[in-house]
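Asker: Please work out how this folds:
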Amino acid sequence: MIELNNVSFTYSSGEGIERGAAGERSSNGSLCNINLKIEEGEFVLLTGGSGCGKTTILRLINGLIPNFFEGELQGHVFVNGNDVSQVELYDTAKIVSTVFQNPRSQFFNVDTTSELAFACENQGMEENEILRRIDKTVKDLQLEPLMGRSLFQLSGGQKQKIACASVAVTGNKIILLDEPSANLDLKTIEGLRELLKKWKSEGKTIVVAEHRISYLWELADRTVVLKDGKIIREMSREEMDRISEEELHKLGLRSNCHAELVSESHSQKMLKQVQHDVSLQDGIENIIIHNFRYKYRNGLVALNIPHMEIPVGKITAITGNNGEGKTTFLNCLCGLGKHSKGIIEFNGKTYKRHARQKKIFLVMQDVNHQLFTESVLDEVIISQKEENEDDAHLILKSLDLDDFANRHPQSLSGGQKQRLAVACAIASGREILLFDEPTSGLDYTHMLQIGQILRNLKNLGKTVIVVTHDRELIKECCDFEIPLKEFNLWEQSS
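Answerer: Modelled structure (predicted):
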């Protein structure tokens with residue numbers, strides 16, 4: 001059904017900048033001599049380090065290369081027997097559907113219901129058929145609470161759900177997903193897993209590019225591992241069943257043990273420490289939050305935290321399901337939430353919103369919102385209190401980014417942009433550092449690297465607060481965990 005024959009591809013110079021996002025690509029922006037055949041109804045997992053070429057392969061299959069992303073293409077890509085480069089993009093879209101790494105980049109409407117209708121309307125379906133498909137998809141995916149809502153008011157995970165629904169409603173036989181779990185909580189990942197299982201039972205051909213492989217491991221028929229634009233290993237179902245976690249880590253891959261990662265025992269143990277032990281230990285200072293509230297303009301209460309304490313000089317994970325207010329919490333904590341109310345005390349002082357902006361640095365979930373300059377090096381330099389190019393290079397080197405110092409930030413892969421934002425946080429020198437999903441889209445090696453950097457920041461006396469769904473990161477470096485739902489009483493107040 002899908003066949004890549006001797007395919008090599010190199011992006012045109014500056015293509016990532018012109019198009020707005022380079023996505024996952026190899027270090028030189030290329031794929032080299034890829035031969036891959038995917039049978040009808042097969043479930044294939046593409047994995048490998050950040051920038052290894054996973055997204056580029058998906059773009060070849062769905063026709064975005066060469067019809068949208070330009071570059072030098074050698075070899076042939078066949079879908080249903082047709083050479084994709086010779087077929088109009090809208091014809092390929094009738095066969096292949098894609099869920100992108102950043103779902104925001106694939107939305108064309110402002111509300112959720114219209115977004116589900118859009119793909120069907122593009123295919124010229126009758127109104128009754130469109131409504132029937134939307135109805136079925138909403139029920140299958142249990143999306144009733146999200147219907148009729150503004151896409152701009154959804155959390156990252158909720159947007160991902162709508163992106164999956166916009167694919168499901170088309171009924172296409174080939175489904176591609178690019179890092180679909182990047183911003184999802186454990187509960188939603190389980191829902192995604194069930195959806196993929198359903199699609200597989202319906203005989204759909206599924207190709208998933210993913211770092212967080214544990215929830216897919218039992219579903220995939222085959223795993224393809226890439227490195228630097230080349231396929232370095234293919235594993236059959238039998239090989240996948242035999243491989244050890246240690247061997248996976250040697251390949252630079254994350255854990256395949258789903259049961260261990262969804263365990264809540266570690267979370268519950270640390271929650272008790274946060275609620276009890278920390279406040280009783282001598283010498284442990286806390287950031288104290290009193291009557292912290294935030295209300296949207298439409299009157300919806302997003303935060304209502306009567307009391308919370310966050311240990312100073314430690315790494316604390318803020319966890320919870322999508323839509324529970326974790327990102328809003330960070331925005332308000334660092335002073336971005338203009339209408340937030342409440343008292344925050346630190347080192348015996350009370351900090352109002354503007355004062356917090358000088359004390360706290362936030363790495364956003366969508367780092368595209370905070371990358372402004374013309375080069376990676378300049379991005380780090382403008383974050384420094386005093387310009388120091390040598391220090392900026394050292395920070396970039398610690399994050400494997402110094403080779404990209406002169407590149408435009410928007411030409412980096414998703415994982416590279418994430419690490420650049422972390423570099424800016426380090427360069428800022430502020431006492432309290434907030435990270436919103438810092439390992440979203442990162443491979444095993446760079447997840448460990450982020451964990452080590454967070455520990456280094458703690459050793460320098462920084463207070464690190466991380467919103468994350470990444471159980472591997474929590475296990476790797478976090479001292480405490482605060483499930484936001486235990487402290488945020490917005491449901492009772494709204």
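Asker: Show me the helices in the stretch 1-150 of the chain, by range?
Answerer: Taking DSSP state H, counting those that start in this stretch as the test, the helices found in the stretch 1-150 of the chain are 15-19, 54-62, 64-67, 89-92, 112-122, 127-141.
Asker: I'd like those helices written out as CSV, with mean neighbour count added.
Answerer: Yep, even glycine has a C-beta here, placed from its N, CA and C like the rest. Formatted as CSV, these follow (neighbours: other CB atoms under 10 Å):
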stretch, mean neighbour count
helix 15-19, 17
helix 54-62, 27
helix 64-67, 20
helix 89-92, 14
helix 112-122, 19
helix 127-141, 15
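Asker: To Trp199, which of those lies closest?
Answerer: Trp199 sits nearest to helix 127-141 of all the helices of the stretch 1-150 of the chain, at 10.3 Å, using CB to CB.
Asker: After the closest one, heading C-terminal, what element do we hit next?
Answerer: Remark: after helix 127-141, the chain's next helix or strand is helix 156-168, criterion DSSP states H and E.
Asker: Quick one: residues in contact with that next one.
Answerer: For helix 156-168, contacts defined as CB atoms under 8 Å, 6 or more residues apart in numbering pick out 97-100, 103-104, 106-107, 112, 115-116, 118-119, 137-138, 140-141, 143, 146, 151, 154, 175, 177, 180, 182-185, 188, 191-192, 195, 199, 321-323, 327, 365-366, 437.
Asker: Stretch 193-206 now?
Answerer: For stretch 193-206, contacts defined as CB under 8 Å, 6+ apart pick out 1-2, 38-44, 140-141, 164, 168, 172-177, 208, 215-216, 219.
Asker: Just the buried positions in it, please.
Answerer: Arg193, Leu195, Leu196, Trp199, Lys200, Lys204, Thr205, Ile206 (16 or more other CB atoms under 10 Å).
Asker: Quick one: buried ones out of the contacts of stretch 193-206?
Answerer: For the contacts of stretch 193-206, buried by 16+ other CB under 10 Å: 1-2, 38, 42-44, 141, 164, 168, 172-177, 208, 215-216.
Asker: Can you tell me which of the residues you listed end up in strands?
Answerer: Ile2, Ile38, Phe43, Val44, Ile174, Ile175, Leu176, Leu177, Val208 (DSSP state E).
Asker: need those in a markdown table with distance to Phe487 and pLDDT, can you?
Answerer: A markdown table is the format used below for those (distance: CB to CB, whole Å; pLDDT from 0 to 100):
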| residue | distance to Phe487 | pLDDT |
| --- | --- | --- |
| Ile2 | 48 | 97 |
| Ile38 | 46 | 97 |
| Phe43 | 40 | 98 |
| Val44 | 42 | 98 |
| Ile174 | 44 | 96 |
| Ile175 | 38 | 96 |
| Leu176 | 39 | 97 |
| Leu177 | 34 | 96 |
| Val208 | 35 | 97 |
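Asker: tell me which of those is nearest to Cys257?
Answerer: Each of those was checked against Cys257 using CB to CB; the closest is Val208, at 18.0 Å.
Asker: separation between that closest one and His393?
Answerer: Distance of Val208 to His393, given as CB to CB, to the nearest Å: 36 Å.
Asker: tell me, what residue is most central in this protein?
Answerer: By CA atoms, centre = their mean, the chain has its centre lying nearest to Ala182, at 3.0 Å.
Asker: Could you report the neighbour count for the closest residue to it other than its chain neighbours?
Answerer: Excluding the flanking residues, the one nearest Ala182 by CB to CB, 6 or more residues apart in numbering is Ser440, at 4.5 Å. Look at Ser440: counted by other CB atoms under 10 Å, it has 25 neighbours.
Asker: Need the pLDDT of Ser440.
Answerer: Note on Ser440: pLDDT of 82.
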